[in-house]
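Asker: Provided below for reference: sequence and predicted model.
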Amino acid sequence: MGDIKGKVILLTGASEGIGRALAKVLAREGARLLLTARNQDRLQSLLLELPKDCGAKIHAADLSLPLECEELVDVCLTRFGALDIVIHNAGMTMWTRFDELQDLSVLERVMRVNYFGPVYLTKAALPHLKASRGQLVAVASVAGLTGVPTRSGYAASKHALMGFFDSLRIELMDEGVAVTQICPDFVVSQIHKRALDAQGQPLGETPMQESRIISAEACAEMMLPAIANRQRLLITSWRGRLSRWLKLLAPELIDRLALKAISRGH
């Protein structure tokens, strides 16, 4: 496995779920971390769970705002003097059929966080990543590979994210900046409780049967070697890997499997 010890890593969405678990894994491996999310209190509590000598820093920010993305990069450079890896992990989701959606702004809110946030932060960070010949890591989803019922806006945002970073990889091919895309399957996370319903309000409880899906900690451990080795793509489940091929070879079958997966998840 590649070595990330001493690398300066900016991790978004660090306050809970995959991000929180990944922060612990990266701290264990000796990375120098700037951790960000919107909730300052949750970030502060995360610091208490990290090794005291890891030197991690926190900075609350709303990454759907370009100026806050620029400020975040400035904070990283001020505190660490460099930037090696940006991990775009922050995200939000929705959980309703499109024909039942009452508040169309849900789609805009999801797109701002899941797609435009990484775009804004990448724009601010890219000159410094070029200087360090660093790495961009986009945490997308299996929903970025195929459609998922009741998640239309979420899937659209993750498809956009995948397309953006696929294109950016080609643009950066000769500049030494690696692009890693990670597509987790369903993971136990607070994101499901905060999924927006048809009225644009948080569900308040997870619609998932969490015994059927992997933990955030297990997902973070799977992500570590992909990040350390500057791997092009990681799909964390056999179902996700299979879906890439079935979408080409048997598209109607993958539609039925996606419907079944959501029906079983409730």
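Answerer: Good, I have the coordinates.

Asker: what number of residues lie near the closest residue in space to P51 that isn't next to it in sequence?
Answerer: Setting aside the residues directly before and after it, P51 is nearest to A27 in space (C-beta to C-beta, 6 or more residues apart in numbering), at 5.7 Å. (Glycine included, C-beta is placed from N, CA and C.) Neighbour count of A27, defined by other C-beta atoms under 10 Å: 22.

Asker: now do D174
Answerer: The tally of other residues near D174 (other C-beta under 10 Å) stands at 7.

Asker: pLDDT score for it?
Answerer: pLDDT, D174: 95.

Asker: what sits up against the one helix or strand the residue nearest to P51 maps to?
Answerer: Using DSSP states H and E, A27 sits in helix 17-28. Helix 17-28 is touched from outside by 4, 9, 11-14, 33, 35, 37, 46, 49-51, 54, 56, 87, 89-90, 139, 184, 187-191, 215-217, 219-221, 223-224, with contacts defined as C-beta atoms under 8 Å, 6 or more residues apart in numbering.

Asker: my guess is K130 contacts A178. True?
Answerer: No: judged on C-beta atoms under 8 Å, K130 makes no contact with A178 at a distance of 11.6 Å.

Asker: who has more neighbours, these two?
Answerer: Remark: of K130 and A178, A178 carries more neighbours, 18 against 13, as counted by other C-beta under 10 Å.

Asker: pretty sure that one sits against Q135.
Answerer: Yes: between A178 and Q135 there is a contact under C-beta under 8 Å: 4.4 Å.

Asker: now for the two: what residues contact both?
Answerer: Joint contacts of A178 and Q135 (C-beta under 8 Å, 6+ apart) are R230.

Asker: and the contacts of helix 17-28, which are buried?
Answerer: Among these, those buried by neighbour count (16 or more other C-beta atoms under 10 Å) are 4, 9, 11-14, 33, 35, 37, 46, 50, 54, 56, 87, 89-90, 139, 184, 187-189, 191, 216-217, 219-220, 223-224.

Asker: centroid residue for the chain?
Answerer: N89 (2.6 Å; C-alpha atoms, centre = their mean).

Asker: quick one: contacts for it?
Answerer: 11-14, 18-19, 22, 137, 139.

Asker: which ones among the contacts of helix 17-28 lie within strands?
Answerer: Using DSSP state E, the subset of the contacts of helix 17-28 located in strands is 9, 11-12, 33, 35, 87, 139.
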